[in-house]
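Enquirer: Have a look at this fold, sequence not included:
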């Protein structure tokens, strides 16, 4: 049924063209009566399909200038202008097919992900290895990933080194190596040796499932610009009917009414805008930036202020353990081993750093139990019978036994501190340093080049670290020590400077991403919650793609408006000429066909590079 519906525009266009050509052949063979019948049938079939589509639109609360197409075909058939009716039928059906083709081409980059969803996985159940539906996988399960299989859920690598193909997610053509303890996203394909995977998230919350939902929502969306086009279409419909009425009132010639109607059908506004918007979304997807909806593309085009998280966004997102400071009675390796074992259950970038450091030291990591994570603050759970708490100083201090204290730390600038408590006692602090990303400076310059007037850093990290990093990059503002709620306040305050885009990669960024005019999640290794909340997801670990996406969005919006305005101006001029009798119905129909094809081809320019 779905396949038939997808083929309907092509079938209708083919039938209309066959009727027009068949009628022309009969006319040349000296049978004008049969030719007129062929043209009449061709127009009637398209008219019935058109009226059905109009009825669906009305029930959905939308009315557009497709009504003019129905009027022009109907009036042509009633007046016996069957050739004009057949041409309008071909024009309408051909326009629908061209739009369908354009949308199909534009969606190609976005839909490549949808056919790769894994359904089952080989899972260890006790001493057995069984095939289980991915919906049954839970955090802490261990699955066997074999060569050629698509990873079904987000997880951690339990082998020393694995090789994965991430091309479906990021566009990266070469296999990528992951070491033991690294987090890998669902949707990647195993190209090296088989390995065991520790499940981190259920299938519904995993990266790939989230991306699939984003793509599906993007395909269903109607951009605000498209809805605005519908409103303009109503005004255009009123203008058309008024002009047709005036033409008849002054001339008493029904063919002038028909000529005005056929020149106005179908409206370039309706055809060009969705093609340009979807083309822009597709072009962005080809650059590794998934825009969830047409509305997201429009909002991206209007952005003036960019607020960026620090850790994992402007910095490399791979902080390294630089020092472990122990409280009396604790040993550095024990602190790191227990903290890293617990952090295997977290998707935060500092958690990955602890796991990576523990593996590098050859420490054995145990599976955590009874895990509770508070987004943006810390995580706690049981590791081999020990109650372990890892996170910010305030969070860990609140979990200490009565009378226990966590000593304050003086650390170098741009150094992050992770506090650790074991069995209610302050165990120590793990110091991490995170360098500014190599592409951060170029990204900031590119944002300014593409019209961003203000760039601000907002982070939960210490204020001195945030201020130093922002100064190094030449940003316009910096805010540190932010809770998720205070990040939202920063977004609200920045709106005085224009439309705001927030860029982040963690669960703690999700509220700010939702509040911003445009939320952008670093989905290549960000949290599923942030990707779900965001309007835009960066699928590759390359921040420089975002300014390109802004440029693509602005270009697509410009082309959409350009195509619609040009089409309306040309159509309006032709309608006035038809009203004064300078265009016959057949001539008007042919001219409007040229206008429609021109504006759609112009809208397809949004598929080309914005660089």
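Expert: Nice, I can see it. This is a predicted model, so every value here is computed, not measured.

Enquirer: Only C-alpha atoms from now on, for both contacts and neighbour counts.
Expert: Noted.

Enquirer: What is the burial count for residue 498?
Expert: Here the number of neighbours of residue 498 (other C-alpha atoms under 10 Å) works out to 16.

Enquirer: quick one: contacts for it?
Expert: 303, 304, 305 (C-alpha atoms under 8 Å, 6 or more residues apart in numbering).

Enquirer: how many other residues sit next to residue 180?
Expert: Residue 180, neighbours per other C-alpha under 10 Å, totals 17.

Enquirer: Wait, it touches residue 161, no?
Expert: Yes: counting by C-alpha atoms under 8 Å, residue 180 does reach residue 161; the two are 6.1 Å apart.

Enquirer: hey, where'd the strands end up in the stretch 251-400 of the chain?
Expert: 289-291, 305-308, 320-326, 369-374, 378-383, 386-391 (DSSP state E, counting those that start in this stretch).

Enquirer: for the last one, packing partners?
Expert: If I follow you right, that is strand 386-391. Judged by 3 or more C-alpha pairs under 8 Å, 6 or more residues apart in numbering; DSSP states H and E, strand 386-391 is in contact with helix 332-343, strand 378-383, strand 415-422.

Enquirer: try it again with 6 Å
Expert: The contact analysis (3 or more C-alpha pairs under 6 Å, 6 or more residues apart in numbering; DSSP states H and E) places strand 386-391 against strand 378-383, strand 415-422.

Enquirer: Which neighbours in the sheet does it have, and how are they oriented?
Expert: Counting by DSSP bridges, the strands paired with strand 386-391 are strand 378-383 (antiparallel), strand 415-422 (antiparallel).

Enquirer: List the contacts of it.
Expert: Strand 386-391 is touched from outside by 377, 378, 379, 380, 381, 418, 419, 420, 421, 422, 423, with contacts defined as C-alpha atoms under 6 Å, 6 or more residues apart in numbering.

Enquirer: what about the fourth one, neighbour count?
Expert: Pointing back at residue 380 there. Residue 380, neighbours per other C-alpha under 10 Å, totals 26.

Enquirer: what's the answer for the second one, then?
Expert: Residues near residue 378, counting by other C-alpha under 10 Å, number 23.

Enquirer: Next: the third one.
Expert: Around residue 379 there are 23 other residues, counting by other C-alpha under 10 Å.

Enquirer: where's the nearest residue to it once chain neighbours are set aside relative to residue 346, distance?
Expert: Nearest residue to residue 379 in three dimensions, chain neighbours excluded: residue 373, at 4.1 Å (C-alpha to C-alpha, 6 or more residues apart in numbering). Distance check for residue 373 against residue 346: by C-alpha to C-alpha, to the nearest Å, it reads 8 Å.

Enquirer: got it, and residue 513?
Expert: Distance from residue 513 to residue 346, by C-alpha to C-alpha: 20 Å.

Enquirer: So the two - more neighbours on which side?
Expert: residue 513 (30 against 21).

Enquirer: if we can go back for a sec, may I ask which of the contacts of residue 498 has the most neighbours?
Expert: Busiest of these [other C-alpha under 10 Å] is residue 305, holding 24 neighbours.

Enquirer: ok, that residue - contacts?
Expert: 452, 454, 455, 500.

Enquirer: Highest neighbour count among these?
Expert: Most surrounded of the contacts of residue 305: other C-alpha under 10 Å gives residue 500, at 28 neighbours.

Enquirer: Which residues does that one form beta bridges with?
Expert: With DSSP bridges as the criterion, residue 500 is bridged to residue 305.

Enquirer: wouldn't it be in contact with residue 517 here?
Expert: Yes: counting by C-alpha atoms under 6 Å, residue 500 does reach residue 517; the two are 5.3 Å apart.

Enquirer: intersection of neighbour lists for these two?
Expert: With C-alpha under 6 Å, 6+ apart, residue 500 and residue 517 have no common neighbours.

Enquirer: Now residue 535. Nearest residue, chain neighbours left out?
Expert: Per C-alpha to C-alpha, 6+ apart, closest to residue 535 is residue 519, 5.1 Å.

Enquirer: how deep is the one you found tucked in, by neighbour count?
Expert: Neighbours of residue 519 using other C-alpha under 10 Å come to 29.
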